[in-house]
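Participant: take a look and give me a structure for this.
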Amino acid sequence: MGNNTAKPIHFFSDKPVFGLDIGRSSIKVMQLDHADIVPEIIGYGTIDFDMSALEDGVIVKPEVLANAMHDLFRNRLHGEITTRRAAMALPAYRTYTRSLQLPKLTPEELHEAVQLEVEQYVPVALESLYLDYVTTPAPDNNQNVFVVAVPKKIVDSYLYFAHRLGIEPILIEPTVTAGARFFARDKHSDIASVIIDFGSLTATISIIDKTIVATSSAPAGGLVFTKAISKELGVSEEEAGTIKTDFGLGVSQYQERVLRALGPALEGIVSEIKRVIRYYDEHYGGSGGTVGQVVTLGGGANMPGLSDYLTNALKVPVRTHDHPWSVFKYSTDIGIPEEADRLMYATVAGLSLLKSKEVFA
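Facilitator: Got it, this is the predicted structure:
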């Protein structure tokens, strides 16, 4: 019969994928059609849920999320989601990521070095974590190692939730890598850049120079901003959210008090950005120069005046990332969200860019 050495044909690998981003209090979904060079948004939507469904990143009330998902797909979906195969994002505030630069090592030596590093910086026992890492070349015959560590109980709760709904999760990744995948579509993504992804509780800070070379975080997400404004102005969180979105740090009757409310969180972000830029300059400046821009994305990035504040503090150009509807094609039939809501789809857009064959290759 001859030598049977042909590779198996994974006909299932070309099934479409949709992005599923479960945030602190909301679910977002998106699916792209990848038929053309510029993908087309064929379905998207979001829905809020009771925050008690999550506890330290663990889905403790899957029935609450399940009900929200059913409501989203039945009543809140724009366009359609045609597949049950999903790429999912893990919450940034419970995901431990770290970028290392190591000499060339054997696979066994590399695995041991990564484990030692994780034991030092992650306040969770190694046996309680799922650990993964990817390597890319670095200057001077070194290698960049991007490490992700997540408590097993978080990942397991996501898997249980997905299987309960009949969803096939083919990838679970931190929001920082999904955001980096979306940023790669930016027309200026060839410049060494600081990316600030504002979640609800945390601002995830990354330096991307063709790949992720440094990561950090600061307690300064959208919900943190809202609570600080609410306390300073003596208004409800709903009113504070409106003030944040409509006026923010821009010139208004609220400017001075909003700046006072957000000062500590903003100073923390600036300090952390400067620290990661120093790290980049020390380890990579000789080969590629310094950081050329700061790009904000995520739901908290749409606050008026934020880019100007960061530009003045950092002396580096700061801009808001393009939203998915300015990067991808879309039909007028599915519409486009309100301007204030478009940036919150950045992570799920990065997830939806994934193709099955990239996972199963």
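Participant: in the helix or strand containing residue 143, what's buried?
Facilitator: For residue 143, the host element (DSSP states H and E) is strand 142-151. For strand 142-151, a neighbour-count test (16 or more other Cβ atoms under 10 Å) marks 144-151 as buried. Where you see a C-beta, it was placed from the backbone N, CA and C, and this is true even at glycine.
Participant: contacts only, for the residue lying closest to residue 191 once chain neighbours are set aside.
Facilitator: Closest residue to residue 191 apart from its sequence neighbours, by Cβ to Cβ, 6 or more residues apart in numbering: residue 292 at 4.0 Å. Residue 292 makes contact with 191-193, 316-317, according to Cβ atoms under 8 Å, 6 or more residues apart in numbering.
Participant: neighbour-wise, which one of these leads?
Facilitator: Per-residue neighbour counts (other Cβ atoms under 10 Å) across the contacts of residue 292 peak at residue 193, which has 23 neighbours.
Participant: from what I see, it and residue 294 are in contact.
Facilitator: Yes. Contact criterion Cβ atoms under 8 Å: residue 193 and residue 294 qualify, at 7.0 Å.
Participant: just to revisit the earlier point, need the max-distance pair from the contacts of residue 292.
Facilitator: Pairwise distances across those peak at 12.4 Å for 192 and 317 (criterion: Cβ to Cβ).
Participant: what does stretch 319-337 contact?
Facilitator: Contacts of stretch 319-337 (Cβ under 8 Å, 6+ apart): 30, 32, 36, 38-44, 78-79, 182-183, 185-186, 195, 293-297, 301-302, 307, 342-343, 345-346, 349.
Participant: which of those residues fall in helices?
Facilitator: Under the assignment DSSP state H, these contribute 182-183, 307, 346, 349 to helices.
Participant: would TSV of those residues with pLDDT, neighbour count and distance to residue 18 be doable?
Facilitator: As requested, these are exported to TSV (pLDDT from 0 to 100; neighbours: other Cβ atoms under 10 Å; distance: Cβ to Cβ, whole Å):
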residue	pLDDT	neighbour count	distance to residue 18
182	95	29	15
183	93	22	20
307	94	18	31
346	93	29	16
349	97	29	11
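Participant: distance to residue 208 added to those, as CSV?
Facilitator: Output for the ones in helices among the contacts of stretch 319-337, formatted as CSV (distance: Cβ to Cβ, whole Å):
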residue, distance to residue 208
182, 11
183, 6
307, 18
346, 14
349, 16
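Participant: closest one of these to residue 139?
Facilitator: Distances from residue 139 to the ones in helices among the contacts of stretch 319-337, taken by Cβ to Cβ, are shortest for residue 183, at 22.2 Å.
Participant: distance of residue 77 from residue 53?
Facilitator: 20 Å (Cβ to Cβ, to the nearest Å).
Participant: any stretches of the stretch 201-350 of the chain with poor pLDDT?
Facilitator: 285-289 (pLDDT under 70).
Participant: let me see the ranges of the strands in it.
Facilitator: For the stretch 201-350 of the chain, the strands defined by DSSP state E, counting those that start in this stretch cover 203-208, 212-218, 293-297, 318-320, 329-330.
Participant: and those, which is most packed in?
Facilitator: strand 203-208 (a mean of 25; mean count of other Cβ atoms under 10 Å).
Participant: quick one on the thing from earlier: rebuild the strands of the stretch 201-350 of the chain as TSV, extending it with distance to residue 97.
Facilitator: Converted to TSV, the strands of the stretch 201-350 of the chain look like this (distance: least, Cβ to Cβ, whole Å):
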stretch	distance to residue 97
strand 203-208	8
strand 212-218	5
strand 293-297	16
strand 318-320	22
strand 329-330	31
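Participant: of all those strands, which lies closest to residue 17?
Facilitator: Here strand 329-330 is closest among these (Cβ to Cβ), at 17.7 Å.
Participant: and the closest one, how far out from the chain's middle?
Facilitator: 22 Å (Cα atoms, centre = their mean, to the nearest Å).
Participant: stretch 351-359 too?
Facilitator: Offset of stretch 351-359 from its chain centre (Cα atoms, centre = their mean): 16 Å.
Participant: for the remainder of this discussion, apply numbering that starts at 27.
Facilitator: I'll keep to 27 as the first residue from here, and by that count the last item is stretch 377-385.
Participant: ends of it, how far apart?
Facilitator: End-to-end distance of stretch 377-385 (Cα to Cα, to the nearest Å): 12 Å.
Participant: list the buried residues for it?
Facilitator: Going by neighbour count (16+ other Cβ under 10 Å), the buried part of stretch 377-385 is 377-382.
Participant: repeat for stretch 115-129
Facilitator: Within stretch 115-129, the residues that count as buried by 16+ other Cβ under 10 Å are 115-128.
Participant: would you mind finding the longest helix in this protein?
Facilitator: helix 281-314.
Participant: average pLDDT for stretch 173-180, rounded please.
Facilitator: Stretch 173-180 shows a mean pLDDT of 94.
Participant: contacts for that stretch, please.
Facilitator: The contact list for stretch 173-180 (Cβ under 8 Å, 6+ apart) reads 82-84, 116-117, 120-126, 140, 143-144, 148, 150, 154-159, 199-200, 203.
Participant: show residues contacting stretch 82-99.
Facilitator: Taking contacts as Cβ under 8 Å, 6+ apart, the residues outside stretch 82-99 that touch it are 48, 53, 55, 71-76, 78-80, 107, 116-117, 119-121, 177, 179-180, 183-184, 186-187, 190-191.
Participant: same thing but at 6 Å, please
Facilitator: For stretch 82-99, contacts defined as Cβ atoms under 6 Å, 6 or more residues apart in numbering pick out 53, 71, 73, 75-76, 79, 117, 120, 179-180, 183, 187, 190-191.
Participant: that stretch: end-to-end distance?
Facilitator: Using Cα to Cα, the end-to-end distance of stretch 82-99 comes out at 26 Å.
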